[in-house]
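Q: Here is a sequence with its predicted model. Questions after.
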Amino acid sequence: MGLPYTSIERAVVTDARKAALVEYGFSDSEADNIMQVSPRNPLFYRADAIRSKLANLEAYGFSKEEVREIVVGSTAALGGAEDSVNSKFRNLEAYGFSPEEVRKIVAGLPPVLGLAEESVRSKLKNYEAYGFSKDEVRRIIVGSTVALSLAEDSVNSKLRNLEVYGFTPEEVRKIVAGLPPVLGLGEESVRSKLANLEAYGFDRGEVRKIVVDSSVLEKSEDSVNSKLGNLEKTRTYHNGFASGFSRDEVRRFVLSFPAVLNYSKHNAAQKIRTMTIITEGDKQEMLEMGKNWMQSAMKTVKRARHLQDEGIKWRHNKNIFASAKRFQKKYGVAL
């Protein structure tokens, strides 16, 4: 162990390790904060050990900027031995994460380097126990690293919270796999978001459909309400056509294509304008468009103009929404 540092020796070593951190790219304040975390760790005082640990992170493929952010986010990256850090990387790889995914996880959740390997394995197995496949677990963790920071009891409670509303375990898995950040939401927040959709007039079965087929849980209630109000807005265009859905029609619209709530108000308005022209303002036809709303307004306009130039009927023509291959086969042009 050696003799304890004298105050003079400590000051010299402190200056040396701070210099090593600043030399790497840390600011003075970042270096000071890092050094305050493990003042009793003798290895941590050595400037050469600090340089080696930083280089070890780079050796795994992290950029200098990523290394800096990781260490600032969790000094466990420097507090542990290099073999320990490398073992934690291999532990994630052993589950099936690629080195690129491991880097993304650690960069997004630096404190993961402070978790014991057995704890990480247990958290991953807990997701499998709910019915997620290994591939789904990987996508959940990569999609939202908070999923690995949560206690198992907390994760299970969040999953049960959705079941209590009426979602089946299969639906819960689809929601979480499609929108991993939902695990970072508080349970009360989730209940409030679901109640907000009911307040608009959707019943529980309809709310379940919307949530399963969109990222609505990721949106704030104000944002969702604003998007619904945007669909009700009356719009009149220069060709004399007008659009504007009643609340009941908005409900039908959203249920036929829940992902419309994923779009910004501007994007949705562009799509509504284009669909209004294509259908000559026929709201019933618009409400039956379903997934055709996924096509970009720009592509729809380009295809309509091409058909118009060729003297082909383009209004009320559902071929405008055909796949690229089918459209080219039918009209001889790739649009």
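A: Okay, I see it.

Q: Tell me the first helix or strand C-terminal of the helix or strand bottoming out on mean pLDDT in the chain.
A: Least confident helix or strand of the chain, by mean pLDDT, DSSP states H and E, is helix 7-24 with a mean of 70. Scanning forward in sequence from helix 7-24 by DSSP states H and E, the next helix or strand is helix 28-35.

Q: Residues contacting that next one, please?
A: If you take C-beta atoms under 8 Å, 6 or more residues apart in numbering as the criterion, helix 28-35 is touched by Thr14, Arg17, Lys18, Leu21, Val22, Phe26, Phe44, Arg68, Val71, Val72, Thr75, Leu78. The way it works is simple: take the backbone N, C-alpha and C, and place the C-beta from them, glycine included.

Q: now stretch 111-122
A: In contact with stretch 111-122 (C-beta under 8 Å, 6+ apart) are residues 70, 73-74, 76-77, 79-80, 85, 87-88, 91-92, 95, 105-106, 145, 148-149, 152.

Q: From Glu288, how far out is the closest residue to Leu109 other than its chain neighbours?
A: Excluding its sequence neighbours, the residue lying closest to Leu109 (C-beta to C-beta, 6 or more residues apart in numbering) is Thr145, at 3.6 Å. Distance of Thr145 to Glu288, computed by C-beta to C-beta, to the nearest Å: 41 Å.

Q: now do Val112
A: Counting by C-beta to C-beta, the gap from Val112 to Glu288 is 48 Å.

Q: neighbour count winner among the two?
A: Val112 (25 against 14; other C-beta atoms under 10 Å).

Q: sec struct for the more buried one, please.
A: Assigned with DSSP: H, G, I helix; E, B strand; the rest coil, Val112 falls in the helix class.

Q: any idea how far Ser74 is from it?
A: In this structure, Val112 and Ser74 are 8 Å apart, going by C-beta to C-beta.

Q: ok so, going back, pull out the buried members of the contacts of helix 28-35.
A: Thr14, Arg17, Lys18, Leu21, Phe26, Phe44, Arg68, Val71, Val72, Thr75, Leu78 (16 or more other C-beta atoms under 10 Å).

Q: check contacts around the residue nearest to the last one when sequence neighbours are not counted.
A: Nearest in space to Leu78, with sequence neighbours left out and distances taken as C-beta to C-beta, 6+ apart, is Lys53 at 5.2 Å. Counting by C-beta under 8 Å, 6+ apart, Lys53 makes contact with Ala77, Leu78, Glu82, Val85.

Q: are any of the residues you listed buried, and which?
A: Here, 16+ other C-beta under 10 Å leaves Ala77, Leu78, Val85 buried among those.

Q: ok, back up a step: gap between the residue nearest to Leu109 and Ile175?
A: Applying C-beta to C-beta to Thr145 and Ile175 gives a distance of 18 Å.

Q: Could you do Gly143 as well?
A: 12 Å.

Q: out of the two, which sits in the busier spot?
A: The neighbour comparison of Gly143 against Ile175 (other C-beta under 10 Å) goes to Ile175, with 22 against 18.

Q: Identify all contacting residues around the helix or strand harbouring Glu188.
A: If you go by DSSP H and E, Glu188 is part of helix 187-200. With contact meaning C-beta under 8 Å, 6+ apart, helix 187-200 is reached by 157-158, 161-162, 165, 182, 204, 206-207, 210-211, 216-217, 219, 221, 224-225, 228, 247, 251.

Q: Without its sequence neighbours, what residue ends up closest to Thr276?
A: That would be Ser243: by C-beta to C-beta, 6+ apart, it lies 4.3 Å from Thr276.

Q: Got the phi and psi for the one you found?
A: phi -140, psi 150 (degrees, to the nearest 10).

Q: Might one say that it is in contact with Ile272?
A: Yes. Using C-beta atoms under 8 Å, Ser243 makes contact with Ile272 at a distance of 5.3 Å.

Q: anything in contact with each of those two?
A: With C-beta under 8 Å, 6+ apart as the test, Ser243 and Ile272 both reach Arg235, Met286.

Q: Could you pull up the mean pLDDT of the helix or strand hosting the residue nearest to Leu78?
A: Following DSSP H and E, one finds Lys53 within helix 47-59. Throughout helix 47-59, pLDDT has a mean value of 93.

Q: what's the next secondary structure element after that helix?
A: Taking DSSP H and E, what comes next after helix 47-59 is helix 64-73.

Q: Show me the helices in the stretch 51-200 of the chain, by range?
A: 64-73, 76-79, 82-95, 99-108, 117-130, 134-143, 146-149, 152-165, 169-178, 187-200 (DSSP state H, counting those that start in this stretch).

Q: least reliable of those helices going by mean pLDDT?
A: Across the helices of the stretch 51-200 of the chain, the lowest-scoring stretch is helix 76-79, with a mean of 83.

Q: Dump the C-alpha coordinates for it into CSV.
A: This file holds the C-alpha atoms of helix 76-79, laid out as CSV (Å, rounded to 0.1, in the frame of the first residue of the first chain):
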residue,chain,number,x,y,z
ALA,A,76,-17.0,5.0,-12.7
ALA,A,77,-15.4,5.0,-16.1
LEU,A,78,-12.2,6.0,-14.4
GLY,A,79,-12.8,4.6,-11.0
